[in-house]
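J.: I need the structure of the sequence given here:
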Amino acid sequence: DQKFYRSMIGSLLYLTASRPDILFCVCLCARFQSNPKESHLFAMKRIFKYLAYTPTLGLWYSRDSSFDLHSYSDADFGGYKVDHKSTSGSCQYLGSMLVSWFSKKQNSVALSTTEAEYIAVGSCCAQILW
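T.: Okay, the predicted model is just below:
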């Protein structure tokens, strides 16, 4: 049922604000909202089972942290086998606190690992400036 699948995706996307450990797999499942298959539903149920057994995980921000900005980015080269696009990801820390992150399939097919990493760094810099 497409409507049921979309409601599950929406619930999990809301939850990714405090649970970045599920962000990648939820976004991967969200790509198939228009035509979900039974295997996608099993993947969603597996995410919910993971959440049920790890209720104490999540983000916690302390008051006595420093305010040094650190940023990390990475990309895989052609990791998505359906269309051979790379996936970029980055996270930004203010002291020891995670303040921003993203994981996104790149818009174009990278011709090399260097190009995929360069696109990821560009997206990371744009996020820092924002």
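J.: C-alpha from now on. contacts and neighbour counts both.
T.: OK.
J.: from what I can see residue 71 touches residue 96, true?
T.: No: counting by C-alpha atoms under 8 Å, no contact exists between residue 71 and residue 96, whose distance comes to 11.2 Å.
J.: thinking residue 99 is in contact with residue 71, fair?
T.: No: Residue 99 is not in contact with residue 71 according to C-alpha under 8 Å; the separation is 10.1 Å.
J.: Common neighbours of those two, please.
T.: 91, 92, 93 (C-alpha atoms under 8 Å, 6 or more residues apart in numbering).
J.: Just among the residues you listed, which is most surrounded?
T.: Of all those, the highest neighbour tally under other C-alpha atoms under 10 Å goes to residue 92, namely 20 neighbours.
J.: Strands of the protein, start to end?
T.: 69-75, 87-94, 97-105 (DSSP state E).
J.: how much does the second one deviate in direction from strand 97-105?
T.: Between the direction of strand 87-94 and that of strand 97-105, the angle (axes from the mean of the first three to the mean of the last three C-alpha atoms, to 10 degrees) works out to 170 degrees.
J.: Indicate each strand paired with strand 87-94 and its parallel or antiparallel sense.
T.: strand 69-75 (antiparallel), strand 97-105 (antiparallel) (DSSP bridges).
J.: Distance from the helix or strand of the chain with the lowest mean pLDDT to the middle of the chain?
T.: Lowest mean confidence among the helices and strands of the chain (mean pLDDT, DSSP states H and E): strand 97-105, at a mean of 82. Between the centre of strand 97-105 and the centre of its host chain there is 7 Å, according to C-alpha atoms, centre = their mean, to the nearest Å.
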